[in-house]
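from the sequence below, what's the structure:
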Amino acid sequence: MGREQWKKVLVGSAGNMVEWFDWFVYASFATYFAGSFFPSGNPTAQLMNTAGIFAVGFFMRPVGGWLLGRVGDRKGRKAALTLTVSLMSASAVLIAVAPTYGVAGYGGAVVLLIARLLQGLSVGGEYAASATYLTEASSPEKRGFASSFQYVSMTAGQIVGLGLQILLQRTMSDEALHSWGWRIPFIIGALGAAIIFYLRRNMLETDVYEESADADATVGGDDKGTIKALWAHKREAFLVIALTMGGTVAYYTYTTYLTKYLSNSAGLSKETATLVSFCALVVFACLQPVAGALSDRIGRRPLLITFAIGSTFLTVPIMTLLQHAGSFWPALGLSLLALVIVTGYTSINACVKAELFPTGIRALGVALPYAIANALFGGTAEYVALWFKDAGIESGYYWYVAGCAAVSLIVYLSMRETRDIDLNRVKSEETTTETAKQVA
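Residues are numbered from 1 along each chain as shown. Modelled structure (predicted):
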């Protein structure tokens, strides 16, 4: 890739990292602030309450996907990315200053809920705007490699969050962390979002989008970024939901939920569980560009199929063994195995979805179906896991994850390869058809 392409990828990725730092830090610090917003009692019940609010954020993602996807298609990828980071900054500030249950009763939980709704709006648009931007900003033969940096940056956001958690665990008492120390990452997230806002205000628009404004020719004037235009590509939209289902459940199981699972179910200390997640995610982030580059050589489908087969048949044994890992190294080895499998999905899912749609509907086409799938499956994964645990049948969740992957496997086996698709193909086809009509 050329220098300008690298600049676009790096700026887009840096912003994505801060977005997902703010998003994931809620999950990674939930064990510390769960008791601050809900009455004391059953720790699992407190976690279920905070996980429920976490899931509510996902249910705002379809709204954010529709709203910000529309902005991305009509006003440009840059405009959408700037708006998403503004919303995320506001939500981080709200969580940082939210009053506790002892001060305001359930008022603090209401503030927490509002902040998560704003985060849901932001991330609902961020994923699609980022996926579209990174895919369009790269050369055709490097799209898999370039778009893989979306999950590099997403994972980097979580790594920074976990790294900060490890630092705070080692420098603050457990009492201080539960009392007020958990607010520190949200303050840092708000400051980081302000910096990224400045960078995104000065970022470059993608050539593909600029050439298509002319994208009036891709979809047709005022229909850009509308549900009407998306409905014309309903098959691709339903395909995005189906191919996302297994991947998002597996991803959130082995990232955001993993730390809680290791401490709440496997019996590891919070510090050890956090360190396992941190080390596993560092390796996971490094794998993304490797797998993305591989997809540029052999195609997207082989990686997706490998992920789905591995997740379908290995989830139950991996989760069962993790529950009895007992110490750092066995837990790390099993976590790495799971994340290597998930890499087949995460490294390329952004470009696969972007490659399915024409320019004038690409951001909305990725955003809304993906957000719906995440609301139904990714956002509820942690809550479903805790529900199975609370019901005394925790192993039922392992089969749930495997079943979701099996559904996606059927989709991967039947879908077409997208690697060689021209991102401007629809514009060219429609222009050719219109020309033919005029000649006739």
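
can you show me the CA trace of the strand or helix carrying I372 as CSV?
Using DSSP states H and E, I372 sits in helix 362-373. Only the C-alpha atoms of helix 362-373 are listed here, as CSV (Å, rounded to 0.1, in the frame of the first residue of the first chain):
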residue,chain,number,x,y,z
ARG,A,362,-22.3,0.3,1.5
ALA,A,363,-22.1,2.0,4.9
LEU,A,364,-25.8,1.4,5.7
GLY,A,365,-25.7,-2.1,4.1
VAL,A,366,-22.9,-3.1,6.5
ALA,A,367,-24.2,-1.1,9.5
LEU,A,368,-27.8,-2.1,9.9
PRO,A,369,-27.7,-5.8,9.3
TYR,A,370,-24.5,-6.2,11.3
ALA,A,371,-26.0,-4.2,14.2
ILE,A,372,-29.1,-6.3,14.2
ALA,A,373,-27.0,-9.5,14.4
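
after it, which helix or strand is next?
helix 381-390.

show me what contacts G378?
Taking CB atoms under 8 Å, 6 or more residues apart in numbering, we find G378 in contact with F58, T244, T248, V249, Y251, Y252. All C-beta spots, glycine's among them, are computed from the backbone N, C-alpha and C.

N424 contacts T359, correct?
Yes - using CB atoms under 8 Å, N424 makes contact with T359 at a distance of 6.6 Å.

the two: who's more crowded?
T359 (28 against 19; other CB atoms under 10 Å).

can you give me the distance of the nearest residue to the more buried one once chain neighbours are set aside to T31?
Using CB to CB, 6 or more residues apart in numbering and skipping residues adjacent in sequence, the residue nearest T359 is S212, 4.1 Å away. Counting by CB to CB, to the nearest Å, the gap between S212 and T31 amounts to 46 Å.

and for W180?
15 Å.

what does S147 give?
On the measure of CB to CB, S147 and T31 end up 33 Å apart.

more crowded one of the two?
More neighbours surround S147 than the other of S147 and T31, with 33 against 23 (other CB under 10 Å).

quick check, the more buried one in contact with C351.
Yes - here S147 reaches C351: they are 3.7 Å apart, a contact under CB under 8 Å.

so what sits against both of these two?
A131, L134, T135, G292.

now, which of the residues you listed lie within helices?
A131, L134, T135, G292 (DSSP state H).

between those, which is nearest Y198?
Each of those was checked against Y198 using CB to CB; the closest is L134, at 20.0 Å.

not counting its neighbours along the chain, what's nearest that closest one?
S147 (4.7 Å).

next one: A131
The shortest distance from A131 to any non-neighbouring residue, by CB to CB, 6+ apart, is to A350 (3.7 Å).

how many residues are close by D223?
By other CB under 10 Å, the residues close to D223 number 18.

so where do the helices sit in the stretch 1-150 of the chain?
Listed in chain order, the helices found in the stretch 1-150 of the chain under DSSP state H, counting those that start in this stretch are 3-28, 30-37, 43-59, 61-74, 77-97, 101-104, 107-137, 143-147, 149-171.

just how off-centre is the longest one within its chain?
To tie it back to what came earlier, the one meant is helix 107-137. 9 Å (CA atoms, centre = their mean, to the nearest Å).

which stretches of the stretch 301-440 of the chain have low pLDDT?
425-440 (pLDDT under 70).

run the last query once more with 80
Low-confidence segments of the stretch 301-440 of the chain (pLDDT under 80): 379, 424-440.

what ranges does it have for its helices?
301-323, 328-346, 349-354, 362-373, 381-390, 395-414, 425-439.
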